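> Have a look at this fold, sequence not included:
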DNA sequence: CCATGTGAAAGCGTTCACAGCG
DNA sequence: CGCTGTGAACGCTTTCACATGG
């Protein structure tokens, strides 16, 4: 089909906004494709990719169709080509410099975590108010006092930040980050933060994840008291 | 309305399954209610609660309606009563014993993270294959060799586990955990794991969160090249 | 012949708008 | 009068099913 009159996306050429749900799955596909590549798979079907990413095959095809037509009917997708396309679509064909604010327990772990740098996110500076931490190293980042935030952020061309401070300090830190020009923030503090609409913020609350698990554990317990046993009907999901 | 013929939930009495999206928000409400309680608020409206939890007021009312009718029309919700109900609904009126597998960078941070114990999740044992780590302490947990997993899990009545191993080891660890009787798992390894349907598993991939932010940063960059500037119309979210 | 790409259907989740009640 | 609780509308996501084309 030429020119594609559909309302969704201008198929060819540059990046148009994808559905949010699709964006969340692209990193999964990227990882699955990298593994398939390591396994010397030149070509991969939506079925195979779905299995490796833990999702439905129809979903894979629908998601990938938003990026354009990179598959071959009757064959599948070229693993390496598709990986490059997904990578480009996610904006990962460059490096991002990341600031880490809060060098306590969680902050130290994040600073030492190798998974970030492996995927192009360099933690190039850390910040903390505790004078005993300032000047120390955290992975390849130096720990600066919070007062230096704006200067260092601009000097090192930092565009993203991780907030790993106590909840009470998080809003103030966020405001300072935004003043310094940061536009993407990942918040680990267990508190709801307010931010101007031009800044993109996501939240990770580790305890919340456990509480969700707790709910299902709890419900399962209640069920067991009612139905006694229940052999698995091997329903997917 | 008595007996409620609606299809959703048997309003009164014990816990019926809530929509998944609602379950994910209950921990937010719980936190907001705890803060409101600290602020000496005896009563709280859906509007106020929505503001503190960062969601829409109609959503708060809809979510809370699944738990039953705990509000007073024209007034709002009793802060403390509602907090107790949400807490009970999430199954948090008990403690959970948690195992931590993998005592490397991330595992050490998780073991020292106080947010877990504060909300009733005690990390009571850690496991690692590295002999130099075995025997050391991690918060209040001792580090055991992986071979002791089943014994310690049963001995300490552990029902939940955190997987913080390298990706390559995660599936094997998961299988061992399930054999030992674990039914809830939080996986931090960047890999898709397969598990029997009776086990509840959630995944946290820190790098994925950054990649999602990267996408929006990337798209924003492309937009800026097109539309030059764009003053905020102060649209929510 | 086989797997993609995609309209159409079905399923969920969110938001609206207002009836109902303290 | 104000705020809850909720049917109904809306929009987004997922899944189905099949025409399409290498």
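Yep, that arrived. The shown structure was predicted, so the numbers you read here are calculated from the model rather than taken from an experiment. Numbering: from 1, shown residues only, chains lettered A, B, ... in the order given.
> Quick check, pLDDT for residue A:114.
Looking at residue A:114, its pLDDT stands at 89.
> any idea what sits nearest it, other than its immediate chain neighbours?
Once flanking residues are discounted, residue A:114 sits nearest to residue B:105: 7.5 Å by C-beta to C-beta, 6 or more residues apart in numbering or on different chains. For glycine as for every other residue, the C-beta is placed from the backbone atoms N, C-alpha and C.
> which residues sit in contact with the one you found?
A:109, A:112-114 (C-beta atoms under 8 Å, 6 or more residues apart in numbering or on different chains).
> Name every strand pairing with the strand ranked longest in chain A and say which way it goes.
When chain A is parsed with DSSP state E, its longest strand is strand A:121-128. If you go by DSSP bridges, strand A:121-128 pairs up with strand A:96-101 (parallel), strand A:141-145 (parallel).
> Pull the residues that contact the longest one.
Read that as strand A:96-101. A:107, A:110-111, A:116, A:120-128, A:138, A:141, A:146, A:149, A:152-153, A:156-165, A:173, A:177, A:182, B:210, B:214, B:217.
> picking up where we left off before, widest-spaced pair of the contacts of residue B:105?
The span of the contacts of residue B:105, defined through C-beta to C-beta, is set by A:109 and A:114 at 11.2 Å.
> Those two: who's more crowded?
Between residue A:109 and residue A:114, counted using other C-beta atoms under 10 Å in any protein chain shown, residue A:109 has the larger neighbour count: 23 against 13.
> mind listing what that one touches?
Shown in contact with residue A:109 (C-beta under 8 Å, 6+ apart): B:105-106, B:108-110.
> Quick check: closest non-adjacent residue to it.
Once flanking residues are discounted, residue A:109 sits nearest to residue B:109: 2.6 Å by C-beta to C-beta, 6+ apart.
> mind checking how far the one you found is from DNA strand C?
30 Å (C-beta to the nearest atom of the strand, to the nearest Å).
> Give me the phi and psi for that residue.
phi -60, psi -40 (degrees, to the nearest 10).
> what's the next secondary structure element after the strand or helix carrying residue A:64?
Per DSSP states H and E: residue A:64 is located in helix A:57-67. Heading C-terminal from helix A:57-67, the first helix or strand you meet, by DSSP H and E, is strand A:71-72.
> sorry, back to before: could you name the stretch from the strands paired with strand A:121-128 that's closest to residue A:37?
Comparison of the strands paired with strand A:121-128 against residue A:37 by C-beta to C-beta identifies strand A:96-101 as nearest, at 22.7 Å.
> and that closest one, what's its mean pLDDT?
So the average pLDDT for strand A:96-101 ends up being 98.
> Okay, the residue in chain A that DNA strand D sits nearest to and residue A:52: tell me how far apart.
Using C-beta to the nearest atom of the strand, the single residue of chain A nearest to DNA strand D is residue A:74, 2.8 Å away. As judged by C-beta to C-beta, to the nearest Å, residue A:74 and residue A:52 stand 21 Å apart.
> Leaving out sequence neighbours, find the closest residue to residue A:103.
Nearest non-adjacent residue to residue A:103 (C-beta to C-beta, 6+ apart): residue A:128, at 4.1 Å.
> tell me how far the helix or strand where residue A:21 lies is from the chain's mean position?
Element membership for residue A:21, per DSSP H and E: helix A:20-38. The chain centre lies 11 Å from the centre of helix A:20-38; the measure is C-alpha atoms, centre = their mean, to the nearest Å.
> pLDDT weak spots in chain A?
A:1-16, A:223-237 (pLDDT under 70).
> care to break it down by domain?
A:20-89, A:96-208 (automatic domain parsing).
> Would you tell me which one of these is buried the most?
Most buried of these by mean neighbour count (mean count of other C-beta atoms under 10 Å in any protein chain shown) is domain A:96-208; its value is a mean of 19.
> Ends of that one, what's the gap?
End-to-end distance for domain A:96-208, by C-alpha to C-alpha, to the nearest Å: 28 Å.
> quick check, it touching DNA strand D?
No - in terms of C-beta under 7 Å from any atom of the strand, no part of domain A:96-208 sits within range of DNA strand D; the closest distance is 14.6 Å.
> Tell me the residues of chain A that contact DNA strand C?
Residues of chain A lying near DNA strand C by C-beta under 7 Å from any atom of the strand: A:1, A:4, A:6, A:11, A:45-47, A:57-58, A:61-62, A:64-65, A:69-77.
> re the thing from before, and the helix or strand following the longest strand of chain A, which strands flank it?
The element immediately downstream of strand A:121-128 (helix or strand, assigned by DSSP H and E) is strand A:137-138. Partners of strand A:137-138 in the sheet, by DSSP bridges, are strand A:141-145 (antiparallel).
> Just give me the longest helix of chain A.
In terms of residue count, the longest helix belonging to chain A (DSSP state H) is helix A:206-227.
> Now do that helix against strand B:96-101: the angle between them, please.
Inter-element angle recorded for helix A:206-227 and strand B:96-101: 120 degrees (by axes from the mean of the first three to the mean of the last three C-alpha atoms, to 10 degrees).
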